[in-house]
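In: Structure for the following, please:
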Amino acid sequence: MSTAQQVTEDELNARRSRTVVWVVTISTIGLIFDGYDLVVYGAVVSTFLKDPTQIGEVTPALAGTLGSYALIGTLVGALLAGSVGDIVGRRKVMLTAYAWFSVGMLLTALVSNSTMFGVMRFVTGLGVGALVATTGALVAEIAPAGKKNLCNAITYSGVPIGSLLSALLAIMLLDSIGWRGMFMIGASPLLVLLPLAIFRMPESVAWLVSRGKIDQARALSERTGVPMPEAPTAAQEAAKRGKVGFAGLFSRGYWLPTVLLGFMSASALMLVYALNTWLPVLMEGAGFNTKGSLSFLLVLNGGAIVGALIGSRVADRFGPKPVVVASFMIGAGAMLLMTLSLPLALLLIFVSIVGLGTSGTQILIYGFTAGYYPTPMRGAGVAWCAGFGRLGGVAGPLLGGFLLAAGLAVNTIFFVLAGIGIVGALITLLVQRPNRPMEIHSTPIEPSAAATS
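Out: From the prediction side, this is the model:
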């Protein structure tokens, strides 16, 4: 191998490293605002309940309904983005999603009645869902082999980081900038993140190849250092037969894993939203004061971030399936241990482990799903995971409210939630890989003549 060619290969590797860093960084920031959007309503809802001059009179029942609109929008947006992303590309959907939810947050800050507030929460949720659904596909197709789960975990950790950021900013700024200012902060990606993504967020090389755009893919591969996939592959042959997007998800060999992956995600998100909604209330019922109860929520999300990052490294080495099973079971075990009379320090440790078994597990599930499907249906697969799973997200707060209204003891509620975690682990065990090849293998591009001259 010539020295010039070696230098060129080193430069291609350096280009790929820069590309991965940019994509993961931009994607993580996007999901931080995504998490911010989904939690900011909970941070300001008490203002609506206390002050009818804001958007009119808001009863507790109406407040719950308004809160559900964003989740419903997220579900719809995720499912729509799945097929669209597999047809028009990851980059276009993500750029549109950044602009969409930013404008949605800005317009929400300007409404004057509860009806328009609910409409805008739904509309904003469409962009949030599209972003959650598409990000995993792009990261999986750009991240190097052996680091795909890690890159995914870093990226999707943006959601709990955004949740923490929303709560902290509400504590510091809500009294001074009001609820409208909180929503305007959520619109800031339009001025900062979107321009950066336009210049630094590339399309997926694997997606371009799967759509037959070989020349564009080769040029992009050389510019970004992301290797060209080998061709032909089983995934590309499936694409030629029309097995793209959701049609591919429910084709022979994929339909059962698709259903199971959907219920895996729904189980995890049911736990995520049940605990993020009701954990402070449950801990108050266990004898802690209000500030102490809120601290459990911070520890819960912190544990999710750290746990997902550690779990992703193990998943890259041993595969994501056993790690997701273990994560579900560890979280269920920690919830069972929380029913014991324990010192505060030990209880906080178990709460952080519960974070791994709930939000952390969901992050790992996104990585599992993104790596499970071939390129022509990967976007739809992650969208299905995010969209169908959101049904569990809607059900989680309702389940917690039902259990509390039924007068069940705090320990009994933790037993029920631990049971959901065990069910999630059992569903994961049933997921089998289909008979045909699942991955599009990548090969280095040949150095160009210009580069070697």
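In: Every contact and neighbour count from this point should use C-alpha atoms.
Out: Fine.
In: Now the element after whichever strand or helix holds Thr369, going C-ward?
Out: Thr369 belongs to helix 361-372 when assigned by DSSP states H and E. Later in the chain than helix 361-372, the nearest helix or strand by DSSP H and E is helix 375-405.
In: Show me what the next helix or strand after that next one is packed against.
Out: Using DSSP H and E, the helix or strand that follows helix 375-405 in sequence is helix 410-430. Secondary-structure packing of helix 410-430 (3 or more C-alpha pairs under 8 Å, 6 or more residues apart in numbering; DSSP states H and E): helix 255-285, helix 320-337.
In: and these, which one's lowest on average pLDDT?
Out: Of all the helices and strands packed on helix 410-430, mean pLDDT reaches its minimum on helix 255-285 (a mean of 85).
In: got the angle for it vs helix 375-405?
Out: Orientation of helix 255-285 against helix 375-405 (axes from the mean of the first three to the mean of the last three C-alpha atoms, to 10 degrees) gives an angle of 30 degrees.
In: Please name every helix or strand in contact with helix 255-285.
Out: Using 3+ C-alpha pairs under 8 Å, 6+ apart, helix 255-285 sits against helix 290-318, helix 361-372, helix 375-405, helix 410-430.
In: now that helix against helix 410-430, angle please.
Out: Computed with the same axes, to 10 degrees, the direction of helix 255-285 lies at 160 degrees from that of helix 410-430.
In: Okay, angle between helix 255-285 and helix 361-372 too, please.
Out: Relative orientation of helix 255-285 versus helix 361-372 (the same axes, to 10 degrees): 170 degrees.
In: Buried ones in helix 255-285, by neighbour count?
Out: 255-284 (16 or more other C-alpha atoms under 10 Å).
In: Following element in sequence after the helix or strand hosting Ser46, please.
Out: Assigned by DSSP H and E, Ser46 belongs to helix 3-50. From helix 3-50 onward toward the C-terminus, using DSSP H and E, the following helix or strand is helix 60-88.
In: between that following helix and helix 3-50, how many degrees?
Out: Using the same axes, to 10 degrees: helix 60-88 against helix 3-50 is 160 degrees.
In: any idea which helix or strand comes after helix 60-88?
Out: Criterion used, DSSP H and E; the element after helix 60-88 is helix 90-108.
In: what mean pLDDT would you report for the helix or strand just after that following helix?
Out: For helix 90-108, the following helix or strand on the C-terminal side (DSSP H and E) is helix 114-142. Helix 114-142 carries an average pLDDT of 91.
In: so helix 114-142 versus helix 60-88, what angle?
Out: Helix 114-142 runs at 40 degrees relative to helix 60-88, counting by the same axes, to 10 degrees.
In: list the helices and strands helix 114-142 packs on?
Out: Against helix 114-142 (3+ C-alpha pairs under 8 Å, 6+ apart) you get helix 3-50, helix 60-88, helix 90-108, helix 148-156, helix 205-210, helix 361-372, helix 375-405.
In: sorry, back to before: mind checking the pLDDT average for the helix holding Ser46?
Out: Rounded mean pLDDT across helix 3-50 is 81.
In: Ok, which of the helices and strands packed on helix 255-285 comes nearest Thr134?
Out: Of all the helices and strands packed on helix 255-285, helix 375-405 sits nearest to Thr134, with 5.8 Å by C-alpha to C-alpha.
In: Now do the buried residues in the closest one.
Out: Residues 375-400, 403-404 are the ones in helix 375-405 that count as buried (16+ other C-alpha under 10 Å).
In: same check, this time on stretch 418-433
Out: For stretch 418-433, by 16+ other C-alpha under 10 Å, it's Ala418, Gly419, Ile420, Gly421, Ile422, Val423, Gly424, Ala425, Ile427, Thr428, Val431.
In: Which entry within these corresponds to the minimum pLDDT?
Out: Val431 (92).
In: remind me which residues of the stretch 101-250 of the chain are low pLDDT?
Out: 230-245 (pLDDT under 70).
In: pretty sure Gly387 is in contact with Thr74, am I right?
Out: Yes. Between Gly387 and Thr74 there is a contact at 7.1 Å, judged by C-alpha atoms under 8 Å.
In: returning to that earlier point: how about the helices and strands packed on helix 114-142 in JSON lines, adding distance to Gly302?
Out: Output for these, formatted as JSON lines (distance: least, C-alpha to C-alpha, whole Å):
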{"stretch": "helix 3-50", "distance to Gly302": "14"}
{"stretch": "helix 60-88", "distance to Gly302": "23"}
{"stretch": "helix 90-108", "distance to Gly302": "25"}
{"stretch": "helix 148-156", "distance to Gly302": "13"}
{"stretch": "helix 205-210", "distance to Gly302": "34"}
{"stretch": "helix 361-372", "distance to Gly302": "13"}
{"stretch": "helix 375-405", "distance to Gly302": "19"}
